[in-house]
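Trainee: Provide a 3D model corresponding to the input given below.
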Amino acid sequence: MEFGLFVQGYVGKRAETDPLAEHKALMEETEYVIQADKSGFKYAWASEHHFLEEYSHLSANDVFLGYLAHATERIHLGSGIFNPLAQVNHPVKVAEKVAMLDHLSEGRHEFGSGRGAGSHEILGFIPGVTDMNYTKEIWEETIAEFPKMWLQEEYVGFKGKHWQLPPRKIFPKPYGKAHPAMWYAAGSPPSYAMAARKGLGVLGFSVQKVSDMEWVLDQYKSNIGKAEPVGAFVNDNVMVTSTAICAPTHAEAVRIAATGGLHYLQSLVFRYHDTFPRPEGFPVWPETLPEFNEEIIELLIAEELLICGDPDEVLTQCKRWEQAGADQLSFGMPIGISKEDTLQSIKLIGEHVIPKIDTDPVHRTTRFREAV
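Mentor: Now for the predicted structure:
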């Protein structure tokens with residue numbers, strides 16, 4: 001199992017007391033990715049969200065990743081996601097950005113795509129939509145066009161329901177073989193199966209705990225073997241996310257987690273991701289979950305909803321994900337803990353956890369791409 005980091009420009013309540021909170025959040029997250037690169041993480045994923053106050057201010061992730069392409073050496077830099085809906089980003093512009101990032105990173109870019117976070121985001125670009133499944137139709141007609149834009153000397157053009165383009169030569173072409181690995185941000189079981197049939201890796205931002213892996217793997221791995229890939233190769237990959245806090249002692253890790261504002265992050269998730277099924281009894285915004293105390297943190301750890309503890313404990317918790325079948329475990333750290341504590345987690349995981357689980361020096365997606 002490989003390891004990644006997920007950043008999204010989470011600002012939270014800091015803006016109430018610090019006028020530079022937004023700037024600090026974005027700059028701190030570049031530091032987290034740079035440290036992850038030094039600490040042996042193989043992937044870093046950057047969100048694309050719009051209009052989601054406090055929750056995610058990372059809207060121009062192509063610019064963010066372009067900066068990191070120069071600031072890092074080995075880590076793969078992924079869009080988690082680029083939104084290719086024509087009303088949000090013209091598909092040709094997305095293809096050009098992916099290829100440009102592939103050059104700037106010298107083959108270290110990962111192309112993740114998706115359809116947006118929910119009605120608040122989507123209705124900003126497509127007013128009047130009453131069924132969020134409408135965006136699936138736009139994505140479906142678009143995704144298979146990207147490899148053609150990258151690999152055809154002159155793109156044959158496209159005339160669909162939602163966008164069109166006459167024949168054109170599209171530049172730059174990707175760096176090296178074929179094109180960057182392609183991923184899809186999947187939520188429901190049918191989405192995992194659909195991604196597999198198209199040969200796409202899945203970004204499992206909706207996977208909550210280890211026990212969720214059973215249905216994820218059933219839907220994905222049972223279909224990936226019969227994939228008809230939209231790209232030049234099959235990206236057989238399931239990435240899942242979890243919050244991770246690692247400290248020298250268990251007590252310190254729990255203390256950090258209890259003061260990290262995890263309750264507020266979860267409340268914002270369901271404020272904006274209104275396509276996610278809301279847990280029974282979960283408060284409706286502007287009401288939020290009560291603050292988590294150390295007893296609740298211990299419960300979250302026991303229920304495998306949070307990776308938290310000293311290095312040995314975190315290693316054991318990560319091995320549970322590996323045993324469950326995850327190909328990549330990506331840590332989201334967009335919570336209200338200090339920069340120092342976050343960097344400490346990244347360093348400790350890099351020193352004590354990753355070397356004992358990920359022993360392959362080559363990225364999984366690189367192997368798939370080089371085999372073309």
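
Trainee: which residues does Thr288 contact?
Mentor: Going by Cβ atoms under 8 Å, 6 or more residues apart in numbering, Thr288 touches 263-264, 267. Backbone N, C-alpha and C define where each C-beta goes, glycine included.

Trainee: now these in TSV, with neighbour count and pLDDT?
Mentor: Shown next, in TSV, are the contacts of Thr288 (neighbours: other Cβ atoms under 10 Å; pLDDT from 0 to 100):
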residue	neighbour count	pLDDT
His263	18	95
Tyr264	20	96
Ser267	21	96
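
Trainee: Pick the one among those closest to Arg320.
Mentor: Nearest to Arg320 among the contacts of Thr288: His263, at 23.9 Å, using Cβ to Cβ.

Trainee: returning to what we had before: just send the contacts of Thr288 back as CSV, with secondary structure and distance to Ile256 too.
Mentor: Shown next, in CSV, are the contacts of Thr288 (DSSP: H, G, I helix; E, B strand; the rest coil; distance: Cβ to Cβ, whole Å):
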residue, secondary structure, distance to Ile256
His263, helix, 14
Tyr264, helix, 15
Ser267, helix, 20
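
Trainee: how much space between the residue nearest the centre of the chain and Arg14?
Mentor: The structure's the chain has its C-alpha centroid closest to Gly80; by Cα atoms, centre = their mean the separation is 3.9 Å. Gly80 sits at a distance of 22 Å from Arg14 (criterion: Cβ to Cβ, to the nearest Å).

Trainee: Now do the phi/psi pair for the residue nearest to His352 when sequence neighbours are not counted.
Mentor: Spatial nearest neighbour of His352, chain neighbours left out: Pro311 (3.7 Å); criterion: Cβ to Cβ, 6 or more residues apart in numbering. Phi and psi for Pro311, reported as degrees, to the nearest 10, are phi -60, psi -40.

Trainee: can you check Val202 too?
Mentor: With angles defined as degrees, to the nearest 10, Val202 sits at phi -110, psi 140.

Trainee: Quick check: beta-bridge partners of it?
Mentor: Counting by DSSP bridges, Val202 is bridged to Tyr184, Val238.

Trainee: what about it, how many residues close to it?
Mentor: By other Cβ atoms under 10 Å, 30 other residues sit near Val202.

Trainee: for it, what are its contacts?
Mentor: 183-186, 191-192, 195-196, 216, 220, 237-239.

Trainee: can you pull the pLDDT of it?
Mentor: Val202 carries a pLDDT value of 98.

Trainee: Check Pro334 too.
Mentor: Per-residue confidence at Pro334 stands at 65 (pLDDT).

Trainee: Thought Val216 was touching Trp321, still the case?
Mentor: No. In this structure Trp321 lies outside contact range of Val216 using Cβ atoms under 8 Å: 11.2 Å.
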